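J.: How does the following fold in three dimensions:
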Amino acid sequence: MEYNVSTVIWVLVATALIYFMQAGFALCEAGLTRAKNTGNILMKNLMDFCIGTPCYWLVGFGLMFGSTAPMIGRLDPMIRGLYGAENTVVPQTMPLWCYVIFQTVFCATAATIVSGSMAERTNFKAYCLYSAAISLLVYPIGGHWAWGGGWLSGLGFHDFAGSAVVHNVGGVIACLGAWMLGPRIGKYDREGKVRAIPGHNMIAVALGVFILWFCWFGFNGGSTAAMADGADAFHASLAFMNTNLAAAVATVVTMIFTWIRYGKPDVSMTLNASLAGLVAITAGCDCVTPFGAFIIGIVAGILVVLSVEFFDNVAKIDDPVGAVSVHMANGIWGTLAVGLFSNGEDGVMNGLFYGGGAKLLGIQAAGIAAIDAYVLVVMFIVFKLIDRFVGLRVPAQVEIDGLDLHEHGLASAYSGFAISDVSNMVMDVNENTDLGEGDYSKASAAQIGAAVKVVDSTGRTGGVSAAAGSAFTATETGAGSAGAAVTVDAVAAGAIPDTGMYRVSIICRLSKFDELKQRLNELGVTGMTMTQVMGCGIQKGSTERYRGAVVDSTLLPKVKVEVVVSKIPVATVIEAAKKALYTGHIGDGKIFVYNVMQVVKVRTGEENYAALQDVE
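T.: Numbering: from 1, shown residues only. Here you go, the predicted structure:
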């Protein structure tokens, strides 16, 4: 049999691009979740493709394309039957295996969408099982109705590249799964108010979106499944144009919408909007004009924001990455939009706004409703069976510690890098923790000695008051404290000797570090330790929003600078620090002074005053 070489090359290149979407999904999902679950996210995105591929080869492809029967294809294990033009819709212009691998990567896309919404609390064994079920039984049936010659295609239902068949199916399963799992620990407070759990790596999310946008040209443009003549070239070009335009418009709209709604443009929501626009245009990218794509993108950009807020605040369905809003909500919108904006191109009926009346819109609505009903029924049964025999959700302690450690034996996906989930640790409990003024240095006070003085950026100096004393009193054994709580009173009373050596710990903004370092150097303080920390004062941080939810900003990024002095007067160090840090605004910082009991220089064995002379 002779094949059209240009078509084969076109489809295979598109297949490779669609496969690479797995990398984009992995990056987006990992970045929008917490670092302690990164390895688990990566494993799931790898395994849904690797499990789905043999499942689709064994059963799925036959069910989807084995015949043109109204409801189902045929059971054809390992694809050993004939797929001719007389009994299937499989193109004859390419080898069968070319079309099989092309459809396989679409199936994998539907399966991988689910992992993001169910992230951070799903049993890995359960994930592997329901990924197999999606590729074996769920995706192929809906795909047969719309693409395999089934009853929906007979009605004139149009879903060019998969807003309904791929994205909506994955989004519906994601929504059902997230609902059945329940929210992550700490997502809602005791009154049911949503609490933001920020993702740990926006760089990964942005890179994932760029990869997905790039690969979507293969997803939509490659869905012509042909490149044999001018008509194929036209439809592929139109698909490329509409795909890019809808995504770009949706992104801009969400940026402006969140800017107005939240006071600042939301980064993660804007990145979500790019994907929302891509999903929405996927069904009709071959049969709408660029103006239609423009309108579809506008609606997608607003819809994704409102949908995220709805599922967070009203439905109480915890979707860490916004998969439900991106894929389900905009998959439905994109499918219905064909019934509004189709201009009759590519053999599709005209939509409502192009003189076709409501017929196509009704068919599109019926199609999306039928597909979703089937998916919900089958996957509810699958999830229930998995939960009964395997367990759908991990235990609370596993969730709190992180799935990487318990599910995969991976201490950290970032071994050797200073990646921290400190800003999210408070989300793993159901209490808002008021850390108070001195929690930056509570542990250090216990380890090194007695807190002598606290000075804030306004110049107020603290003794041991009811408010401040508890914050910097060591409650565990400190150096030289003989196991008792060490306080300023103890030093003043002579119970703890004043050694003349002091550790000055300064908490300040990162932007002020260089100026502070310069002023300390001018005093002759050349030895210092700087660490990046998270914390807050009594103001409990600033109120910001993440994906529309107020961030519990009890911990903010700060810098802790520590020096130990003996020859240089402590008061001089304090005055220099105050001059460097003062702006008059909340968050200028605080200065803590501690009595140091002993210093030993390891190299020479010198102690105390002598040990400090080459670091001042």
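
J.: Tell me which other helices or strands the helix or strand hosting Ile400 touches.
T.: Following DSSP states H and E, one finds Ile400 within helix 396-401. Helices and strands touching helix 396-401, as assessed by 3 or more CB pairs under 8 Å, 6 or more residues apart in numbering; DSSP states H and E, are absent. (Glycine included, C-beta is placed from N, CA and C.)

J.: Could you rerun that using 10 Å?
T.: helix 403-408 (3 or more CB pairs under 10 Å, 6 or more residues apart in numbering; DSSP states H and E).

J.: Can you point out the buried residues in the helix holding Ile400?
T.: 399-400 (16 or more other CB atoms under 10 Å).

J.: dump the residue contacts of Val348.
T.: 156-158, 160, 284, 286-288, 338-339, 342, 356, 360 (CB atoms under 10 Å, 6 or more residues apart in numbering).

J.: Kindly report the same for Asp318.
T.: Per CB under 10 Å, 6+ apart, neighbours of Asp318: 117-121, 178-179, 181-185, 187-188, 194, 197, 311-312.

J.: Nearest spatial neighbour of it, chain-adjacent residues omitted?
T.: In this structure, Asp318 finds its nearest non-sequential neighbour in Pro183, 3.5 Å apart by CB to CB, 6 or more residues apart in numbering.

J.: Find me the pLDDT at that neighbour, would you?
T.: Per-residue confidence (pLDDT) for Pro183: 96.

J.: before we move on, what about Arg545?
T.: Confidence score, pLDDT, at Arg545: 78.

J.: so it touches Thr258, yeah?
T.: Yes. If you go by CB atoms under 10 Å, Arg545 and Thr258 touch, sitting 8.4 Å apart.

J.: Common neighbours of those two, please.
T.: 264, 266, 269.

J.: what about burial for the residues you listed, which qualify?
T.: 266, 269.

J.: got the contact list for the residue nearest to Asp318?
T.: Pro183 neighbours (CB under 10 Å, 6+ apart): 121, 194-195, 197, 312, 316-320.

J.: and what of Ala23?
T.: By CB under 10 Å, 6+ apart, the contact list for Ala23 reads 45, 207-208, 211-212, 215.

J.: try Asp286
T.: By CB under 10 Å, 6+ apart, the contact set of Asp286 is 158, 160-161, 220-221, 223-224, 234-236, 238-239, 242, 338, 342, 345-348.

J.: Give me the nearest residue to Arg74, chain neighbours excluded.
T.: Gly66 (3.3 Å).

J.: Looks like that neighbour contacts Pro140 (just checking).
T.: Yes. Using CB under 10 Å, Gly66 and Pro140 qualify as a contacting pair, with a distance of 9.4 Å.

J.: Quick check: neighbours shared by the two?
T.: Taking CB under 10 Å, 6+ apart as the criterion, Gly66 and Pro140 both touch 72-73, 148.

J.: ok, these vs Val166, which is closest?
T.: Nearest to Val166, judged by CB to CB, of the shared contacts of Gly66 and Pro140 is Gly148 at 13.8 Å.

J.: Can you report how many residues lie near Gly362?
T.: Close neighbours of Gly362, defined as other CB atoms under 10 Å, add up to 13.

J.: Let me know the distance separating it from Asn272.
T.: 30 Å (CB to CB, to the nearest Å).

J.: Quick one: mean pLDDT for stretch 584-595?
T.: pLDDT averaged over stretch 584-595 gives 87.

J.: Please pull out the lowest mean pLDDT helix or strand from the protein.
T.: When each helix and strand of the chain is scored by mean pLDDT, DSSP states H and E, helix 466-472 comes last, with a mean of 31.

J.: coming back round to it: would you quantify the distance from the residue nearest to Asp318 to Ile400?
T.: Taken as CB to CB, the span from Pro183 to Ile400 is 14 Å.

J.: Repeat that for Glu407.
T.: For Glu407, the distance to Ile400 - CB to CB - is 13 Å.

J.: Can you work out which residues contact both of these two?
T.: Val394.

J.: more neighbours, Arg545 and Thr258?
T.: Using other CB under 10 Å, the more surrounded residue of Arg545 and Thr258 is Thr258, with 23 against 16.

J.: That one reaches Leu271, doesn't it?
T.: No. If you go by CB under 10 Å, Thr258 and Leu271 don't touch, sitting 11.2 Å apart.

J.: Longest helix in the protein, by number of residues?
T.: Secondary structure of the chain per DSSP state H: the longest helix is helix 230-262.

J.: for that helix, packing partners?
T.: Helix 230-262 packs on helix 5-31, helix 202-216, helix 267-282, helix 290-309, helix 330-341, strand 545-546, going by 3+ CB pairs under 10 Å, 6+ apart.

J.: average pLDDT for that helix?
T.: 97.

J.: which one of the contacts of Ala23 sits closest to Met328?
T.: Using CB to CB as the measure, the one of these that approaches Met328 most closely is Leu212, at 16.7 Å.

J.: how much space is there between the closest residue to that closest one other than its chain neighbours and Phe219?
T.: Sequence neighbours aside, Gly24 is the residue nearest to Leu212 in space, at 3.6 Å (criterion: CB to CB, 6+ apart). Taking CB to CB as the measure, Gly24 falls 11 Å from Phe219.

J.: Overlap of the contact sets of these two?
T.: Leu212.

J.: Quick check: Ile79 touching Pro95?
T.: No. Judged on CB under 10 Å, Ile79 makes no contact with Pro95 at a distance of 12.0 Å.

J.: Between the two, tell me which one has more neighbours.
T.: Ile79 (18 against 15).

J.: my guess is that one is in a strand, correct?
T.: No. Using DSSP: H, G, I helix; E, B strand; the rest coil, the assignment for Ile79 is coil, not a strand.

J.: State the phi and psi torsions of the residue lying closest to it once chain neighbours are set aside.
T.: Setting aside the residues directly before and after it, Ile79 is nearest to Phe61 in space (CB to CB, 6+ apart), at 5.5 Å. Phe61 has phi and psi values of phi -60, psi -40 when expressed as degrees, to the nearest 10.

J.: Equivalent analysis for Arg503, please.
T.: Residue torsions, per degrees, to the nearest 10, at Arg503 are phi -100, psi 120.

J.: Counting neighbours, what do you get for it?
T.: Neighbours of Arg503 using other CB under 10 Å come to 23.

J.: Would you check that it makes contact with Val563?
T.: Yes. Arg503 is within contact range of Val563, at 7.4 Å (criterion: CB under 10 Å).

J.: Next, show the common contact partners of those two.
T.: Counting by CB under 10 Å, 6+ apart, the residues touching both Arg503 and Val563 are Thr529.

J.: helices and strands around the host helix or strand of Val504, which ones?
T.: In this structure, Val504 sits in strand 502-508 according to DSSP H and E. The contact analysis (3+ CB pairs under 10 Å, 6+ apart) places strand 502-508 against helix 442-448, strand 449-456, helix 513-523, strand 529-535, strand 556-565, helix 570-581, strand 590-596.
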